[in-house]
Structures are given as structure tokens and as C-alpha cells.
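> give me coordinates for this.
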Amino acid sequence: MVLPENSYYTYHPFRDNCATSIRDIIDMGTGGQLKARFGDSEGRFSLRDHLRRFTWFRPFSDGFLFFLMGKELDKPLTVWDEMFLPAEIGRVISDFSYTDSFGAERSLVSGVELLNASKNRPPVLNNPRSQWVMIVPAGAILAVFMIFILRFRKKHPFPGRVLWGLLQSLFGLFFGGAGLILFFVAFFMNHDYFRSNYNLLFINPLILAALPLGICVIAGMRRAEKVLGILWSCIIVSDLITAVLGLFPPLYQQNQSLQLVMLFIAIILSWDFEKNRPFLQNYFQRKK
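Residues are numbered from 1 along each chain as shown. Prediction:
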């Protein structure tokens, strides 16, 4: 009979799940020798990299999780930590030997039997694919399109202004909406792996302001363009701050590809058409 106090436990997808329970039982059965062997051994990947080995074939889910999860997922793991995955337990214990109560060395696994093989399922990668492969080409195509609209406005002021205002509103809705989701999961959900996320510094709910400001640009309000220049310049500065923070190992977060793409987008969106340069450059020109 299971006692009431043993009926429930606080589930954690990485530190306390069904796989870690099996790992702990094996460790208990071997008198703590499993953890003694692998508790301090350097693991192969971070939590983020391990997840991306399994989500690579669904680009939207892969990218969305990459965006939502904070720097806690990029800390170095031990082999013991990596056994939150059943596949890692199987890989590790297949060659694991322990010393029994009589002092004899025994192999934990005497044989392997395959009961079921999945069909028509993408394979789990041995190594995670780089996020640069997906994000940077998409960002480059988007940047080229934005530069095209920039040049189009110079030649055709009115329709170009309408397109530019529409572009500002769409980016405000997209990045501001993404920032709103990120803000919610970081501060209102009880999941530590969503916290300490530097993406919130340069993709946040404040960008939603670009939605109405873009409409004001379409209406011909020059002041709205100046406010947008300030908004996107703040995003540029925040982006650069997160890049500097990432140079320090305790503060590292694997988001450099997103930083780079967002930096290019923000520079283009902050363009000052009167002076034909990014709005932030005006500040440095005045300082000189």
C-alpha cells in the first residue's frame, strides 16, 4: 500500500522525472556506485542541446522552445544530469559495472532485447544541429526584403511610407506579441527553465508600441517615426548588452543567432529617412 505522503511528487522535466527515478533506483541498487562514477563526469551537451536533438524535425516547435527557454538550459551538465533522458540511461548503463557485496565486479546489463522499433519517425540526432542554419538565412532574406522597401520609399515617398508603416506595425505585432508571451512564461509560470532569459531584453512587450506607431507613420506623422527610431535604437542597445553578457561563462545563453538577426532588423527599422542613416547614429553625430 502506498502511503499518502508518497503518492505525489513535484515533477520536473529535467531534474525529477520518470527517467531520473529509474536512474536513482539503479544507483540505490548499486549502493550509490552509479552516481559515484558519473556524478562528476563531464556530460556531452547542455539541456538545450539535448532537447534540440529531439525537436530538430519540427522547425517551429524547435525555434519556439529555443526562444522561450532561458540561460539555465545552457549550463554544463554531468553524465548523471544527462540521464534525465531514458536514451542516455540506456547508453550509460550498457557498459557500467559495479562491485557487489562480495567484492566481485559485475556488469549491470547482461543483454539487450528490442521489443519495439518505431516506424516513419525522424531519427534522434547524435549531435544537435546548429541554430544558425535555420535562423540566419531566414533573417538574411528578411533583411534584404526590408532594404528593398527602404529604397522603394526613397523613390516613391507616399506608397513607400505606407509600406514602411505597415512593416513597422507588423513587426511590432510579431515581436511585441512574442515578447508578451516570453514575459508571461518568465514571470508567471512556475518553471525555472523559462527564467533568466536574456531574449526578454531585446524582444519584449514594449515593442507592441510599434503597432499603433506604424499606423501613425502611414497617416504621415513625422513624430511617430522619431519615436520608432528611439524604440528600435533601445532594442539595438539592449541586444548589444546581451551579447556582451554572453561573453562571461556564468551568464552565457545560447542565443547568438537570434541576437544577430534582431540586431540587423532593429538597425533597419530605426532608419532616419531625413538623414539617411540609423537613428542611433544621429546621437553619436551630435556628441561629436
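
> any idea how many residues pack against the closest residue to Leu173 other than its chain neighbours?
Counting by C-beta to C-beta, 6 or more residues apart in numbering, Leu211 is the residue found nearest to Leu173 once chain neighbours are left out, at 5.2 Å. The way it works is simple: take the backbone N, C-alpha and C, and place the C-beta from them, glycine included. Burial of Leu211 is recorded as 17 neighbouring residues (other C-beta atoms under 10 Å).

> surely Leu211 is in contact with Gly177?
No. Checked against C-beta atoms under 8 Å, the pair Leu211 and Gly177 is beyond contact range at 9.2 Å.

> the residue nearest to Leu173: helix or strand, and which one exactly?
When elements are defined using DSSP states H and E, Leu211 is found to belong to helix 210-218.

> helix, strand, or coil at the residue lying farthest from the centre of the chain?
Seen from the C-alpha centroid of the chain, the residue lying at the greatest distance (C-alpha atoms, centre = their mean) is Phe102, 49.2 Å away. Three-state secondary structure (criterion: DSSP: H, G, I helix; E, B strand; the rest coil) places Phe102 in coil.

> so for it, what's the pLDDT?
Turning to Phe102, the model gives it a pLDDT of 90.

> and stretch 208-216, how far out from the chain middle?
Between the centre of stretch 208-216 and the centre of its chain there are 27 Å (C-alpha atoms, centre = their mean, to the nearest Å).

> outline the domain layout of the chain.
With automatic domain parsing serving as the domain definition, the record reports that the chain contains domains spanning 4-107, 132-287.

> pipe these into TSV and attach distance to Ser118 per row.
Written out in TSV, the entries for these read as follows (distance: least, C-beta to C-beta, whole Å):
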stretch	distance to Ser118
domain 4-107	12
domain 132-287	24
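
> of those domains, which is nearest Leu125?
Comparing the domains of the chain against Leu125 with C-beta to C-beta, the closest turns out to be domain 4-107 (4.5 Å).

> Ala117: which of the domains of the chain is closest?
Counting by C-beta to C-beta, Ala117 lies closest to domain 4-107 out of the domains of the chain; the figure is 13.9 Å.

> and the average pLDDT for the one helix or strand Asp239 maps to is what?
Assigned by DSSP H and E, Asp239 belongs to helix 222-245. Helix 222-245 shows an average pLDDT of 95 in the prediction.

> check which helices and strands the next helix or strand after it is in contact with.
Where DSSP H and E defines the elements, the next helix or strand beyond helix 222-245 is helix 256-269. When contacts are defined as 3 or more C-beta pairs under 8 Å, 6 or more residues apart in numbering; DSSP states H and E, helix 256-269 packs onto helix 132-155, helix 157-188, helix 199-202, helix 222-245.

> could those helices go into CSV alongside distance to Leu115 and mean neighbour count?
Formatted as CSV, the entries for these read as follows, by distance: least, C-beta to C-beta, whole Å; neighbours: other C-beta atoms under 10 Å:
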stretch, distance to Leu115, mean neighbour count
helix 132-155, 35, 14
helix 157-188, 37, 17
helix 199-202, 41, 21
helix 222-245, 47, 18
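
> worst average pLDDT in these?
The stretch with the lowest mean pLDDT among the helices and strands packed on helix 256-269 is helix 132-155, at a mean of 89.

> contact partners of that one?
Residues outside helix 132-155 that contact it (C-beta atoms under 8 Å, 6 or more residues apart in numbering) are 59, 62-63, 159-161, 163-164, 167, 256-258, 260-261, 264-265, 268-269, 271, 273.

> can you select the buried ones among these for me in PyMOL?
When burial is assessed using 16 or more other C-beta atoms under 10 Å, the buried subset of those is captured in PyMOL by this command:
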select buried, resi 62+63+160+161+163+164+167+256+257+258+260+261+264+265+268+269+271+273
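
> what about the nearest residue to Asn127 once chain neighbours are set aside, distance to Pro122?
Once its chain neighbours are removed from consideration, Asn127 has its nearest residue in Arg53; the separation is 7.4 Å (C-beta to C-beta, 6+ apart). In this structure, Arg53 lies at 11 Å from Pro122, with C-beta to C-beta, to the nearest Å as the measure.

> comparing these two, which residue is more hemmed in?
Taking neighbours as other C-beta under 10 Å, Arg53 and Pro122 compare with Arg53 leading, 17 against 11.

> where does that one land in three-state SS?
Arg53, by the three-state scheme (three-state DSSP), is helix.

> so what's it up against?
If a contact means C-beta under 8 Å, 6+ apart, then Arg53 has 45, 124-128 as its contacts.

> alright, calling it a day.
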